[in-house]
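In: Quick one, fold the following:
(2 chains, ligands or ions: 1)
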Amino acid sequence: MAEKRHVILGAGTAGINCIRTLRQLGDTGEITLISAERPYSRMVLPYYLNQSISESHTETASARQLLAWKVKTVFGRKAASLEPGQNKLKLDNGEEVEYDDLLIATGSSAARPPIPGAEGPGIHTFWTLADAKAVNKQISPKGHTVMVGAGFIAFTCFDGVLGRSGKVTIIEVAPRILPRMVDETGARLATEWLENLGVRVLAGVRLKSLQPVDGKTRLSFEQGRGFTADTVLLATGIRTNLDWLRSNVSWVEGGGLKLNQGIVVDEYLRSSVPNVYAAGDVAETRNLVTGAQEVHAIEPTAQEHGRVVAANMAGRNVKYAGSLLMNIVSVGGLDMASFGSWDDGNAEAITGLDPRRHAYRKYLFRGERMVGAILISPSKETWLENDVGMLKGLVQAGSPLGGWKEFLRKHPFEIKKPFLAARTTAALIPRTTLGAPTPSPRA
Amino acid sequence: MKVLKFIPDRCTGCLRCELACSYVQTGTFQPSAAVIRVAPLEMHTSYAPYTCVQCAEGWCMAACPVDAITINAAGAKAVLEDQCVGCKLCTIACPYGTMYMDTGRHKATKCNLCEGNPACAQACPTQAIEWTEGEVTDWLGAFAGERAGTNLTGLARFTK
Ligand SMILES: Cc1cc2nc3c(=O)[nH]c(=O)nc-3n(C[C@H](O)[C@H](O)[C@H](O)COP(=O)(O)OP(=O)(O)OC[C@H]3O[C@@H](n4cnc5c(N)ncnc54)[C@H](O)[C@@H]3O)c2cc1C
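Out: Numbers count the residues shown, from 1 in each chain, chains lettered A, B, ... in the order given. Here you go, the predicted structure:
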């Protein structure tokens, strides 16, 4: 049989993990990588902004590496449409690319709010390397930076913003900050912490317009007085990059390729067209904890998807176990993490709060199993990393905790005993994503 | 394959392993800087030394967005410090709770098996830690289940 022609669309986390894994598995097929942008990691852009790393450090596959992997690259081009019946991808310059199997890993984009002035000069999103460079250029140590939207992504770049601005204001339309990452208690702790750092936090305010005035931006609100900013960062949500597919209505509606929130895939990450795979922010896969089909736009999910797709392109028939929601963010020295079904309203919640230490724990239980967790502690607390990983392990393993659940109710900050005694380690050791040990990424 | 084997019955809780570890890893005698941590059980009458099992998946390594975790000559997942950006993704990806942060330098740290000559095993006066041929296994679960179990009996007494 002739070597397969693999086409990888998107050089982000999922795309590069797929390519690396194909070669690690010894697949010698032809690989063509087509991407609007060159390979870099979006999630390390905050460290470029806070000036702890250089631009080159964000790169995930150098030209040399791609050459070593024998990858043909087409950068700066976008996919425009797909002809699944003919195994053809059409690019925005009209060029056509044929494939034997295709991975769609086009990720997501930052969405700007639909208000006047949102596209104006000096108004930035923080999603791409180009965005990061623009912010890097504009942000000024004496200036007032306003962050619009107080979700997870906003807080990933908060430290960089704080360190490089004279004054910082955060505004959020929801009644509290981090509405999709922590609960109310968590948001209150975080708000107090931010205010202690001298940051102004305005929750429950709706932005009406952004207006350029003398090189600054004037922010007006539905209610209350407006003010001016030197730099405005919009972190008001993301949109899955599937517009180019959705516009292909004829065959999408005709059942050509099933789309829901994302591309609907089976447990092998194959779409409804068997030689078209999807991974990362565009793929809708099984939630490890609940079993529901969902889009999880997070880095670890994109990595796992990319690797599983590679194994299946290489003919290994690897099933994807499911995606575990997890996030951690450090906000001016306060670490906040959440896992799994942390906001499951029907689960039994066990909480522990130590306000003097700014420490908070919340464990969500379905019966004897932990299905979600929230952890907040100052970054300098040594116990933090022990606990944060073990909580992931407890949710991932789903081990029944028996009497240890009641123990946690009395001692919510003592996670290690329940973790060890419930034999979580033994349950986790056999688990691998591809059914084999993972090789070193740099080998 | 050589692994760190733990025999928790032999552990006296002297914390020499933590001191040796922190000294070799960071040049200081400071348990909080160690990447092996002794878990006190049964109101500090039993102890279990705990560190990375060097799992086959390498959740930390797979999660790192900049490939800053690799496999060293001793077979350990090891952090390349100049590559680590301090994003902490490895600390939530590792389901064992054995990825740590050097909070002063904002770098991830973990057991790298001292490149094949683990200081903890050498320092342990009671051979509760051995560097030996073996499999990756859970050395502590059964012991912790039995010894920490008194916490539960105690609790039952409390709540009756
Ligand atoms: C600032 C920031 C911080 C983050 N922090 C975290 C974090 O701490 N933890 C976490 O879990 N996640 C984080 N994320 C999210 C994480 O980066 C994404 O979930 C991850 O990058 C998704 O990977 P992906 O491969 O699906 O898509 P991406 O990495 O977005 O890659 C998509 C690729 O497709 C290309 N592309 C798009 N459209 C087309 C097209 N039509 N044709 C061709 N190419 C196209 C893009 O140029 C890009 O190269 C962060 C994201 C940002 C922006």
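
In: which parts of chain B sit against the ligand?
Out: Taking C-beta under 6 Å from any ligand atom as the criterion, chain B approaches the ligand at residues B:87, B:89. Just so you know, the C-beta spots here come from the backbone N, C-alpha and C atoms, and that holds for glycine as well.

In: Now do the strands in chain B.
Out: All strands of chain B, identified by DSSP state E, fall at B:2-6, B:37-41, B:46-50, B:69-71, B:77-79, B:100-102, B:107-109, B:129-133.

In: Tabulate the ones you listed (a markdown table), appending distance to chain A, mean neighbour count and mean pLDDT.
Out: Supplementary listing: those in a markdown table, determined by distance: least, C-beta to the nearest C-beta, whole Å; neighbours: other C-beta atoms under 10 Å in any protein chain shown; pLDDT from 0 to 100:
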| stretch | distance to chain A | mean neighbour count | mean pLDDT |
| --- | --- | --- | --- |
| strand B:2-6 | 11 | 20 | 97 |
| strand B:37-41 | 5 | 22 | 91 |
| strand B:46-50 | 7 | 23 | 93 |
| strand B:69-71 | 4 | 23 | 98 |
| strand B:77-79 | 8 | 25 | 98 |
| strand B:100-102 | 5 | 23 | 93 |
| strand B:107-109 | 9 | 21 | 96 |
| strand B:129-133 | 16 | 17 | 98 |
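
In: Tabulate those (CSV), appending distance to residue A:417.
Out: Written out in CSV, the entries for the strands of chain B read as follows (distance: least, C-beta to C-beta, whole Å):
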stretch, distance to residue A:417
strand B:2-6, 16
strand B:37-41, 7
strand B:46-50, 10
strand B:69-71, 28
strand B:77-79, 25
strand B:100-102, 19
strand B:107-109, 24
strand B:129-133, 20
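
In: Tell me who's in contact with the most centrally placed residue in chain B.
Out: When C-alpha atoms, centre = their mean is applied to chain B, the residue found nearest the centroid is residue B:51 (1.2 Å). Applying C-beta atoms under 8 Å, 6 or more residues apart in numbering or on different chains, one finds that residue B:51 lies in contact with B:4, B:35-37, B:98, B:111, B:120.

In: List just the nearest of those residues to residue A:143.
Out: The closest of the contacts of residue B:51 to residue A:143 turns out to be residue B:35 (C-beta to C-beta; 41.0 Å).

In: can you tell me how far residue A:288 sits from the ligand?
Out: When distance is defined by C-beta to the nearest ligand atom, to the nearest Å, residue A:288 is 15 Å away from the ligand.

In: hang on, the earlier thing: from the contacts of residue B:51, pick the one nearest residue B:136.
Out: The shortest gap between residue B:136 and any of the contacts of residue B:51 belongs to residue B:4, at 9.8 Å (C-beta to C-beta).

In: OK, contacts around that closest one?
Out: Residue B:4 is in contact with B:51, B:111, B:113, B:118, B:120-121, B:129-131, counting by C-beta under 8 Å, 6+ apart.

In: Same check on residue B:101?
Out: For residue B:101, the residues meeting the contact criterion (C-beta under 8 Å, 6+ apart) are A:379, A:384-385, B:86, B:88, B:91, B:107-109.

In: quick one: the host helix or strand of residue A:102 near the ligand?
Out: Secondary-structure assignment from DSSP states H and E places residue A:102 in strand A:101-104. No. Counting by C-beta under 6 Å from any ligand atom, the ligand is not contacted by strand A:101-104; separation bottoms out at 8.9 Å.

In: Equivalent analysis for stretch A:33-43, please.
Out: Yes. Using C-beta under 6 Å from any ligand atom, we find that stretch A:33-43 touches the ligand at A:34-37, A:42-43.

In: which ones are touching residue A:231?
Out: Applying C-beta under 8 Å, 6+ apart, one finds that residue A:231 lies in contact with A:122, A:124, A:135, A:138-140, A:143-146, A:165.

In: try 10 Å this time
Out: The neighbours of residue A:231, taking C-beta atoms under 10 Å, 6 or more residues apart in numbering or on different chains as the test, are A:122-124, A:134-135, A:138-140, A:143-147, A:161, A:164-165, A:168, A:216-217.

In: if we can go back for a sec, using a markdown table, lay out the contacts of residue B:51 together with distance to residue B:146.
Out: Formatted as a markdown table, the entries for those read as follows, by distance: C-beta to C-beta, whole Å:
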| residue | distance to residue B:146 |
| --- | --- |
| B:4 | 21 |
| B:35 | 26 |
| B:36 | 22 |
| B:37 | 20 |
| B:98 | 22 |
| B:111 | 25 |
| B:120 | 23 |
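
In: Nearest to the ligand among the residues you listed?
Out: Closest to the ligand out of the contacts of residue B:51 is residue B:98 (19.9 Å), distances taken as C-beta to the nearest ligand atom.

In: low-confidence ranges in chain A?
Out: Per-residue confidence of chain A (counting by pLDDT under 70) places the weak regions at A:1, A:248-255.

In: Residue B:59 versus residue B:81, what's the distance?
Out: Relative to residue B:59, residue B:81 is positioned 19 Å away (criterion: C-beta to C-beta, to the nearest Å).

In: just to revisit the earlier point, hmm, which two among the contacts of residue B:4 are most spread apart?
Out: Taking C-beta to C-beta as the measure, the contacts of residue B:4 reach their widest spread between B:111 and B:130, a distance of 14.8 Å.

In: on that earlier part again, tell me the spacing between the residue nearest to the centre of chain B and chain A.
Out: Taking C-beta to the nearest C-beta, to the nearest Å as the criterion, residue B:51 is separated from chain A by 11 Å.

In: Roughly how far does residue A:37 sit from residue A:60?
Out: In this structure, residue A:37 lies at 11 Å from residue A:60, with C-beta to C-beta as the measure.

In: Now the common contact residues for those two.
Out: By the contact definition C-beta under 10 Å, 6+ apart, residue A:37 and residue A:60 are jointly contacted by A:11-12.

In: out of those two, which sits in the busier spot?
Out: For residue A:37 against residue A:60, the residue with the higher neighbour count under other C-beta atoms under 10 Å in any protein chain shown is residue A:60, and the figures read 22 against 16.

In: ok, that one to residue A:424 distance?
Out: From residue A:60 across to residue A:424, the span is 32 Å (C-beta to C-beta).

In: I figured residue A:3 hits residue A:313, correct?
Out: No. The criterion here is C-beta atoms under 10 Å, and residue A:3 misses it with residue A:313 at 11.8 Å.

In: These two: which is more packed in?
Out: residue A:313 (25 against 10).
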